[in-house]
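*Asks:* sequence first, then the predicted structure, then my questions.
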Amino acid sequence: MSDKNVWVFHGAGGRFTSGVFSTKENAEDWIEKHKLTGILTLYPLDQGAYDWAITNKSFKPQKKAHYTPFFIQKFSSASQNHFHYFEGKMDFGEYE
């Protein structure tokens, strides 16, 4: 990651981001306060996840479809620092 990052929270089942935070601690306080379920991910500022993954060699486009706007706009990388939460607490299991 770059030296300028933000923590982004996506609630389970949500289509859009529900919170953006300057520190993990601030995000976790908010997640715990509201007993939220979802994923907290560290994102670099001024760079998309697709470009970040390519730059950091965690993704290599290999198909023609990998270069399309449709693919890039939906791209996410499990290589980004991220944490799962269930009802406000860090969760190490899977959920939908």
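*Replies:* That came through fine. Numbering: from 1, shown residues only.
*Asks:* ok, Phe59 - contacts?
*Replies:* 50, 53, 75, 77, 79 (C-beta atoms under 8 Å, 6 or more residues apart in numbering). Yep, even glycine has a C-beta here, placed from its N, CA and C like the rest.
*Asks:* from the residues you listed, which is closest to Tyr67?
*Replies:* The shortest approach to Tyr67 among the contacts of Phe59 belongs to Tyr50, at 9.8 Å (C-beta to C-beta).
*Asks:* now that closest one: which helix or strand?
*Replies:* Taking DSSP states H and E as the criterion, Tyr50 maps to helix 49-55.
*Asks:* just the buried ones from the contacts of Phe59, in ChimeraX syntax?
*Replies:* Paste this into ChimeraX to select the buried members of these, with burial taken from 16 or more other C-beta atoms under 10 Å:
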select :50,53,75,77
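*Asks:* what about the helices in this structure?
*Replies:* 24-34, 49-55, 69-73 (DSSP state H).
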